[in-house]
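In: turn this into a structure:
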Amino acid sequence: MSEWENIEGLEGWSRKLGELLEDAAKASQSENFDSRLKENQRLIQFTIESWPNTPEMKRLDEIAYEAAVGLMKQTIEERIAAITSRTGIYQQLAKDIRVQTEANHASADSIRLKAIVKLLDSATETVEAAKAAQEALQSGPDDPELAKKIKLTVTAIENLKKSIGNLTAG
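Out: Reported below is the predicted structural model:
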């Protein structure tokens, strides 16, 4: 199984880049060219495998690419500085992603609440219309079956309104 399988969404790819940057930081402290090259190749592979190509994902790819380049610097000090710089940028981007994710969840909650309020308003109008129909039936022709259906409808809608009210209160 490839290390790139089962990574989903921007948050998943962001976590993976965090892991790669940690490994790159360790490798950057080594004079062992092969270990640095291995981490360099993993970072480059990240830029190939990551998706979708949103602006945020492109920023992650840029961080991975710059870190990969940093691993190939001549001295340990140059490598550590390059990886540290990329890790700082990554941390800021990860924070931005978390903030945006929270805002997206809040927005979705707001949309759901608006739909519930609209349903409550429609249910209230339906109950009022059904009650008006009941009154009209009492003064008009006798149709007990229709009156019974209207009463059941009013009861069902009022129960629905109570359930929705309990959802919005909790």
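In: secondary structure element holding Trp13?
Out: Using DSSP states H and E, Trp13 sits in helix 9-28.
In: please export the C-alpha coordinates of that helix as CSV.
Out: Extracted as CSV, the C-alpha positions of helix 9-28 are listed here (Å, rounded to 0.1, in the frame of the first residue of the first chain):
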residue,chain,number,x,y,z
GLY,A,9,-9.4,16.3,1.7
LEU,A,10,-7.3,19.3,2.4
GLU,A,11,-7.0,18.5,6.1
GLY,A,12,-5.7,15.0,5.3
TRP,A,13,-3.1,16.3,2.9
SER,A,14,-2.2,19.0,5.3
ARG,A,15,-1.5,16.4,8.1
LYS,A,16,0.5,14.4,5.6
LEU,A,17,2.7,17.4,4.7
GLY,A,18,3.2,18.0,8.5
GLU,A,19,4.6,14.4,8.8
LEU,A,20,6.8,14.9,5.8
LEU,A,21,8.2,18.1,7.2
GLU,A,22,9.0,16.4,10.5
ASP,A,23,10.9,13.7,8.6
ALA,A,24,12.6,16.3,6.5
ALA,A,25,13.7,18.2,9.6
LYS,A,26,15.3,15.1,10.9
ALA,A,27,17.0,14.3,7.6
SER,A,28,18.2,17.9,7.2
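In: after that helix, next one along is what?
Out: With DSSP H and E, the next secondary element past helix 9-28 is helix 33-49.
In: helices or strands up against that following helix?
Out: Packing contacts for helix 33-49, counted by 3 or more C-beta pairs under 8 Å, 6 or more residues apart in numbering; DSSP states H and E, involve helix 9-28, helix 55-71. Using the backbone N, CA and C atoms, a C-beta is placed for each residue, glycine as well.
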